[in-house]
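Visitor: Give me coordinates for this.
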Amino acid sequence: MSELEQRCAEAGLKMTGQRRVILKVLGSAEDHPSVEDVYERAKKIDESISIATVYRTLGLLDELDLVIRHEFQEGYSRYELNSDHHHHLIDLETGKVVEFQNDDLEKLKIKIAHDLGYDLVDHRLELYGKKIKK
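Guide: Residues are numbered from 1 along each chain as shown. Just a heads-up that it's a prediction; the model follows:
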């Protein structure tokens, strides 16, 4: 059983064959796939999977906080496994999503929240930019 399947089982999610396929697709994704991307990739593994199953499964995984749903100002959602903490920079010209981590930024976010009288418990940061032309 994969780590993700284990997390699903611990959350009380029944593991069907089709759900396992969807988890496999998400676990092997090197991008942030949309529902349609997940569906197309899953369909190559199991032709019986419907788009409704993909929508329902992604919704359940989102509710259980096992995946993170992103909008990225595109008019549709993209998904990724909820594993390591990171942020995103979205290239406005290509749509490419660049993941990054920055220790100075992490410290600054905590300081800002503290200065405002809060403990930081959650956040999401998305940067949007255009590649610098040299």
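Visitor: quick check: mean pLDDT across stretch 110-122?
Guide: Confidence for stretch 110-122, expressed as mean pLDDT, is 93.
Visitor: Stretch 91-102 now?
Guide: pLDDT averaged over stretch 91-102 gives 89.
Visitor: Buried ones in it, by neighbour count?
Guide: Val97 (16 or more other CB atoms under 10 Å). Heads up, the C-betas are built off the backbone N, CA and C, glycines and all.
Visitor: how about that stretch as PDB, C-alpha atoms only?
Guide: Backbone C-alpha positions of stretch 91-102 (Å, rounded to 0.1, in the frame of the first residue of the first chain) are rendered in PDB as follows:
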ATOM      1  CA  ASP A  91       4.300  32.100 -15.500                       C
ATOM      2  CA  LEU A  92       1.500  34.200 -17.100                       C
ATOM      3  CA  GLU A  93       2.800  33.600 -20.600                       C
ATOM      4  CA  THR A  94       3.100  29.800 -20.500                       C
ATOM      5  CA  GLY A  95       1.000  28.800 -17.600                       C
ATOM      6  CA  LYS A  96       4.000  26.900 -16.200                       C
ATOM      7  CA  VAL A  97       3.800  26.500 -12.400                       C
ATOM      8  CA  VAL A  98       7.200  26.800 -10.600                       C
ATOM      9  CA  GLU A  99       7.300  25.400  -7.000                       C
ATOM     10  CA  PHE A 100       9.700  27.100  -4.600                       C
ATOM     11  CA  GLN A 101      10.600  27.300  -0.900                       C
ATOM     12  CA  ASN A 102      12.300  30.200   0.800                       C
END
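Visitor: Show residues contacting it.
Guide: Under the criterion CB atoms under 8 Å, 6 or more residues apart in numbering, residues 31-32, 72, 74, 78, 85-90, 128-131 lie in contact with stretch 91-102.
Visitor: Before I go, just wanted to say thanks for your time.
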